[in-house]
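A.B. asks: sequence below, structure please.
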Amino acid sequence: MNYRRLLHGAKFWFWVVLFVAYSAGAVGLLMIDTYEDRYRHLSKVELTTVKAQEAVRRAGASQVAAVYRAQSGVPFASMPAGSTFQVVWPDGSTETMVIVDPTSPNGVRPLANSQIPAEVADKR
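C.D. replies: Reported below is the predicted structural model:
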């Protein structure tokens, strides 16, 4: 009898852990395409590419993150510190950014070696 209860409990927790792991993996990485209307005309985004200086890319990504937060259903809970997201710049180049400080105008930093120029991104 105890063996059956133990086996049933083990099966139950196995499926719970599997579901949680799958859910976490399915969420994946947030991708923000700056070619969308809501991001396209932002002052720091219009001419930004992965070839621009890091300070320019950080400012553009911070602006994009602020607009994303403002238009989400829960603006104070979306994209907290430590969150990562991928930015697709208007020319098609991409890079992954990390939120360092959501309240700072430059509270985003690029991940090292995550920049993909437009020429390479087009070939994918």
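A.B. asks: all contacts plus neighbour counts: C-alpha atoms, from now on.
C.D. replies: Noted.
A.B. asks: what helix or strand is the residue nearest the centre of the chain on?
C.D. replies: Using Cα atoms, centre = their mean, the residue of the chain that lies closest to the mean C-alpha position is Phe85, 1.6 Å off. With the criterion set as DSSP states H and E, the secondary-structure element containing Phe85 is strand 84-88.
A.B. asks: below-threshold pLDDT in the protein: ranges please.
C.D. replies: Along the chain, the parts satisfying pLDDT under 70 run over 1, 16-28, 121-124.
A.B. asks: where do the strands sit along it?
C.D. replies: 30-33, 84-88, 94-99, 108-110 (DSSP state E).
A.B. asks: of these, which is nearest Ala55?
C.D. replies: Minimum separation from Ala55 across the strands of the chain (Cα to Cα) falls at strand 108-110, 8.9 Å.
A.B. asks: can you give the contact residues for that closest one?
C.D. replies: 54, 58-59, 61-62, 95-102 (Cα atoms under 8 Å, 6 or more residues apart in numbering).
A.B. asks: so how far is it off the chain centroid?
C.D. replies: 11 Å (Cα atoms, centre = their mean, to the nearest Å).
A.B. asks: surely Ile99 and Ser83 touch.
C.D. replies: Yes: the pair Ile99 and Ser83 qualifies as a contact (Cα atoms under 8 Å) at a distance of 5.4 Å.
A.B. asks: leaving out sequence neighbours, find the closest residue to Leu42.
C.D. replies: Closest residue in space to Leu42, ignoring its immediate chain neighbours: Gln63 at 7.5 Å, by Cα to Cα, 6 or more residues apart in numbering.
A.B. asks: what sits against the one you found?
C.D. replies: By Cα under 8 Å, 6+ apart, the neighbours of Gln63 are 42, 44-45, 105.
A.B. asks: of the residues you listed, which is the most crowded?
C.D. replies: With neighbours defined as other Cα atoms under 10 Å, the most crowded of the contacts of Gln63 is Val45; it has 23 neighbours.
A.B. asks: the closest residue to Pro117 other than its chain neighbours: neighbour count?
C.D. replies: Closest residue to Pro117 apart from its sequence neighbours, by Cα to Cα, 6+ apart: Ser93 at 4.6 Å. For Ser93, the number of neighbouring residues by other Cα under 10 Å comes to 20.
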